[in-house]
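A.B. asks: Curious how this folds, go ahead:
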Amino acid sequence: MDIERFKTEGKEATLYHSKEAGSPLIILNNYSGDGKTVMEAAENPERKDFSLLCIGNLKWDHDMTPWYCPPVSPDDTPCTGGADEYLKLLLEEIIPECIKRMDGTPSHISIAGYSLAGLFALYALYNTDVFKSAASMSGSLWFPDFKEYVFSHKMKRKPEKLYLSLGDKEAKTRNPYLKTVRENTEGIAEHFREEGINVTFKLNPGNHFKDAALRSAEGILAIV
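C.D. replies: All right, here's what the predicted structure looks like:
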């Protein structure tokens with residue numbers, strides 16, 4: 001596997017090159033790690049070829065969130081709403097630098113993410129037309145006012161495919177924020193279907209932290 005690493009504005013990017021020039025490029029914003037476990041989980045000799053750009057060293061509660069949200073638990077930190085700022089960096093510097101390093105132009109660019117990065121993946125569709133498809137795995141769609149944002153705004157580009165997944169135990173909590181995640185995710189999925197978008201929704205066994213790499217790989221393979 002041909003792997004290349006670079007940094008932009010402190011963000012650490014790992015590019016897993018496709019075998020064939022012109023294959024799709026998937027952007028994966030990642031909480032930790034360089035995407036190796038996700039690529040290993042996605043290995044299948046029959047799968048479609050793609051390049052993966054995994055971006056780490058993110059200010060997670062800032063870069064991945066669209067607006068302010070107070071701490072959702074006593075030991076948590078607030079989300080500070082830096083998604084617009086990070087999206088600008090992604091579009092203007094990180095992705096162009098990635099494409100310079102690739103053999104040929106990607107057939108399309110799509111975006112994926114887990115947890116808050118899944119929230120960001122959907123938010124990005126409303127603020128840029130760069131991404132052809134998106135995958136949100138265990139996305140933080142409990143985020144205050146995000147469902148209302150989706151229902152009241154139009155995407156810059158209607159995606160060809162949308163993949164949403166969730167653990168079947170994620171909403172089983174007393175936390176007033178997190179317990180809305182399944183209702184919100186299913187409501188958003190249905191809204192997208194009504195918009196004529198090809199939506200896949202998968203309910204996985206387990207809580208938010210179970211099989212994150214495998215769930216991420218499944219989402220990526222669904223939008224390649």
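A.B. asks: Can you show me the helices along this structure?
C.D. replies: 36-42, 60-63, 83-89, 95-100, 116-125, 146-152, 181-194, 212-223 (DSSP state H).
A.B. asks: So which of these is nearest K11?
C.D. replies: helix 83-89 (7.3 Å; CB to CB). Every C-beta, even on glycine, is put in place using the N, C-alpha and C of the backbone.
A.B. asks: still on that earlier bit, among the helices of the chain, which is nearest P71?
C.D. replies: helix 60-63 (9.4 Å).
A.B. asks: re the thing from before, take the helices of the chain and write them to a markdown table, including mean pLDDT.
C.D. replies: Output for those, formatted as a markdown table (pLDDT from 0 to 100):
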| stretch | mean pLDDT |
| --- | --- |
| helix 36-42 | 97 |
| helix 60-63 | 98 |
| helix 83-89 | 98 |
| helix 95-100 | 97 |
| helix 116-125 | 98 |
| helix 146-152 | 98 |
| helix 181-194 | 98 |
| helix 212-223 | 97 |
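A.B. asks: for those, which one ends up most surrounded?
C.D. replies: Ranked by mean neighbour count under mean count of other CB atoms under 10 Å, these are led by helix 116-125, which reaches a mean of 26.
A.B. asks: angle of that one against helix 181-194?
C.D. replies: Relative orientation of helix 116-125 versus helix 181-194 (axes from the mean of the first three to the mean of the last three CA atoms, to 10 degrees): 30 degrees.
A.B. asks: got the CA coordinates for helix 116-125 in CSV?
C.D. replies: Output of helix 116-125 as CSV, limited to C-alpha atoms (Å, rounded to 0.1, in the frame of the first residue of the first chain):
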residue,chain,number,x,y,z
LEU,A,116,-18.7,14.5,15.4
ALA,A,117,-16.9,14.0,12.0
GLY,A,118,-20.1,12.4,10.8
LEU,A,119,-21.9,15.5,11.8
PHE,A,120,-19.3,17.6,9.9
ALA,A,121,-19.7,15.4,6.8
LEU,A,122,-23.4,16.3,6.6
TYR,A,123,-22.9,19.9,7.5
ALA,A,124,-20.3,20.3,4.7
LEU,A,125,-22.9,19.3,2.1
